[in-house]
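In: predicted model follows, preceded by the sequence.
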Amino acid sequence: MRELPDGGYEVGALTTYADLIANTTLDWVREAVELIGDVQVRNRGTVGGSIAHADPAAEYPAVALAMDAEMEAISARGTRRIPAAAFFRDFWTTDLEPDELLASVRFPVWNGRCGFSVREFARRHGDFAVAGAVVAVELTGDDRIERCTISLFGLGSTPRRAPEAERAVQGHKADFSSDELGRLATSELTDVPSDVHGSARYRARVGAAMVKRAWDEAIAEACRA
Ligand SMILES: Cc1cc2nc3c(=O)[nH]c(=O)nc-3n(C[C@H](O)[C@H](O)[C@H](O)COP(=O)(O)OP(=O)(O)OC[C@H]3O[C@@H](n4cnc5c(N)ncnc54)[C@H](O)[C@@H]3O)c2cc1C
């Protein structure tokens, strides 16, 4: 992981989760990694592998989406940057062309009074999540929401942003109801999976609870900053 001149961070695709947390002091990086698999998985699994694999229940694709990261793809034709919002196309399907490799992921800087949280529910610690949420917020000096991004994982064919919920809190005081936010964030979902781990309705309810928890934590962190 290297710091970019604009204050953002670039993570090479081959960076393992273990290397990532060994080389950063950023809480938001550590928090997501600690939820992934177990020590063995974190020693071998790479950030680029996870993002290129695009499992809709994986943590890092959702973090990349919430942070408005950009993917750098390389091929014999050259290099291009793909915003996270355009990168995840469908179940395990990305915008990468057959001749392209993911070279790195660029995370933009979030300055000021910021808070970040990832919350998920998994049947056992380290399992892929049944449902999870990432919330990033930035507060103004008088505790209003300057910026808020929310992404959901395990709740569709790709990680999903929650635009209606993000709009609802914009400019609002930081005491916006977290119950209402959880409801809003999951109200627009259209393809929540139903499987052996839970029905679509159950997953959506778990997702709403994860948004609520992540929001409360992100806001508390931002208020302390
Ligand atoms: C027991 C277990 C538990 C796990 N739990 C979790 C979890 O809780 N959360 C989570 O997020 N993940 C979890 N994982 C997945 C793990 O975190 C890895 O990130 C994931 O398996 C990718 O592994 P890898 O980095 O070795 O990539 P690979 O397995 O090598 O690659 C995955 C896919 O992406 C392609 N690919 C890899 N790198 C690139 C690249 N640079 N450019 C283009 N395509 C590329 C490969 O061709 C392949 O199709 C778990 C895995 C295991 C085995």
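Out: Sure thing, it's come through.
In: max-length helix in this protein?
Out: Identified as the longest helix of the chain according to DSSP state H is helix 200-224.
In: okay, buried residues for that one please.
Out: 203-219, 221-222 (16 or more other Cβ atoms under 10 Å). Heads up, the C-betas are built off the backbone N, CA and C, glycines and all.
In: do stretch 84-93 as well
Out: 84, 87-88.
In: against Thr94, how distant is the residue in the chain that the ligand sits nearest to?
Out: Closest contact between the chain and the ligand, by Cβ to the nearest ligand atom, is at Gly49 (2.1 Å). As judged by Cβ to Cβ, to the nearest Å, Gly49 and Thr94 stand 12 Å apart.
In: same check on Arg160?
Out: Relative to Thr94, Arg160 is positioned 15 Å away (Cβ to Cβ).
In: and the helix or strand harbouring Arg119 with helix 200-224, angle?
Out: Take DSSP states H and E as the rule and Arg119 turns out to sit in strand 113-121. Counting by axes from the mean of the first three to the mean of the last three Cα atoms, to 10 degrees, strand 113-121 lies at 150 degrees to helix 200-224.
In: strand 113-121 near the ligand anywhere?
Out: No: Strand 113-121 does not reach the ligand (Cβ under 6 Å from any ligand atom); its nearest approach is 8.5 Å.
In: for the helix or strand just after that strand, which helices and strands make contact with it?
Out: On the C-terminal side of strand 113-121, the closest following helix or strand by DSSP H and E is strand 131-139. Applying 3 or more Cβ pairs under 8 Å, 6 or more residues apart in numbering; DSSP states H and E, one finds that strand 131-139 contacts helix 59-66, strand 113-121, strand 145-153, helix 200-224.
In: do the shortest one and the ligand meet at all?
Out: So that's helix 59-66. Yes: Helix 59-66 lies within reach of the ligand by Cβ under 6 Å from any ligand atom, at 59-60.
In: so who does the closest residue to Asp143 other than its chain neighbours touch?
Out: Distances taken as Cβ to Cβ, 6 or more residues apart in numbering put Ala174 closest to Asp143, at 4.6 Å, once the chain neighbours are dropped. The contact partners of Ala174, taken as Cβ atoms under 8 Å, 6 or more residues apart in numbering, are 137, 139, 143-145, 219, 222-223.
In: can you check Leu14 too?
Out: Contacts of Leu14 (Cβ under 8 Å, 6+ apart): 46, 48.
In: can you do 6 Å?
Out: Thr46 (Cβ atoms under 6 Å, 6 or more residues apart in numbering).
In: residues near Glu10, how many?
Out: 17 (other Cβ atoms under 10 Å).
In: please name the bridge partners of it.
Out: For Glu10, the beta-bridge partners under DSSP bridges are Arg2, Arg106.
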